[in-house]
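Undergrad: turn this into a model:
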Amino acid sequence: MVTVGFVVEGASEKRLVESELFRKWLREDCNLEVIDPVVDAAGSGNMCSRNIGVFVKNLRTEANPDKVVVLADLDPETCAPCVQERKKIIGSRDIDLVAIAKKAMESWFLADTKAMRRWLDDDTFCEADPETLIGMPWDRLKELGRKMGRGPGTKGSFSRKFVRRHGFDVRRAARHAQCPSARYFVERLCALGSGSV
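TA: Okay, here's the model as predicted:
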């Protein structure tokens, strides 16, 4: 079993990596064992600077994983206009995989139709283009929540509920035809565990 440590951009990514469903999938299907702590960089500003090197170094020192994965949002309005530029900003020193959620990881939430239908209590819901929405996916989630007569709350509380109560599964998001960044994340994690990355 290959051990893997994560440096993530924020609360949504942290909730995903800490979830038992995610960890079980990595163990059983990808030969990866997530080790703690999951390092939360607490915002894109910390992922857009030399701070990422400090986070990775501390993770390697504290937990000594075989592999390190960085999961960040694209944040095109505030950080980088494209995935390649975002990866360049993050860098690759001592990092085995950098995965970028297009626009933001909340687009992956929108792409998991089954979990969204549970949250909205709407069996007809389907987000056609979760990664190319006008505006940010978090704004879309807030809009959908308001239509239900309640908001989603904070990103941290929403992601916790969405993962635990509504069963968000990144593999379902990866199967959405218009969510290639989730598909990349899923495929590259499995390749990392098999030693082909």
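Undergrad: contacting residues around whatever helix or strand Glu143 lives in?
TA: Taking DSSP states H and E as the criterion, Glu143 maps to helix 137-147. Identification of contacts with helix 137-147 by C-beta atoms under 8 Å, 6 or more residues apart in numbering yields 103-104, 106-107, 109-110, 120, 127, 130, 133, 151-152, 155, 158. Bear in mind the C-beta positions are built from the backbone N, C-alpha and C, glycine included.
Undergrad: could those residues go into CSV alongside pLDDT, distance to Leu192 and neighbour count?
TA: Formatted as CSV, these follow (pLDDT from 0 to 100; distance: C-beta to C-beta, whole Å; neighbours: other C-beta atoms under 10 Å):
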residue, pLDDT, distance to Leu192, neighbour count
Lys103, 89, 24, 24
Ala104, 91, 23, 26
Glu106, 95, 24, 25
Ser107, 97, 22, 29
Phe109, 98, 23, 29
Leu110, 98, 25, 27
Leu120, 95, 33, 15
Glu127, 97, 28, 21
Pro130, 97, 24, 26
Leu133, 92, 29, 16
Gly151, 79, 36, 13
Pro152, 87, 31, 21
Lys155, 89, 27, 18
Phe158, 94, 28, 23
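Undergrad: mind putting those residues into JSON lines with distance to Cys30 and secondary structure?
TA: Output for the contacts of helix 137-147, formatted as JSON lines (distance: C-beta to C-beta, whole Å; DSSP: H, G, I helix; E, B strand; the rest coil):
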{"residue": "Lys103", "distance to Cys30": "25", "secondary structure": "coil"}
{"residue": "Ala104", "distance to Cys30": "24", "secondary structure": "coil"}
{"residue": "Glu106", "distance to Cys30": "24", "secondary structure": "helix"}
{"residue": "Ser107", "distance to Cys30": "22", "secondary structure": "helix"}
{"residue": "Phe109", "distance to Cys30": "21", "secondary structure": "helix"}
{"residue": "Leu110", "distance to Cys30": "24", "secondary structure": "helix"}
{"residue": "Leu120", "distance to Cys30": "30", "secondary structure": "helix"}
{"residue": "Glu127", "distance to Cys30": "26", "secondary structure": "coil"}
{"residue": "Pro130", "distance to Cys30": "23", "secondary structure": "coil"}
{"residue": "Leu133", "distance to Cys30": "29", "secondary structure": "coil"}
{"residue": "Gly151", "distance to Cys30": "35", "secondary structure": "coil"}
{"residue": "Pro152", "distance to Cys30": "30", "secondary structure": "coil"}
{"residue": "Lys155", "distance to Cys30": "26", "secondary structure": "helix"}
{"residue": "Phe158", "distance to Cys30": "27", "secondary structure": "helix"}
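Undergrad: how distant is the helix holding Glu143 from the center of its chain?
TA: A distance of 18 Å separates the centroid of the chain from that of helix 137-147, by C-alpha atoms, centre = their mean, to the nearest Å.
Undergrad: show the average pLDDT along it.
TA: Mean per-residue pLDDT for helix 137-147: 94.
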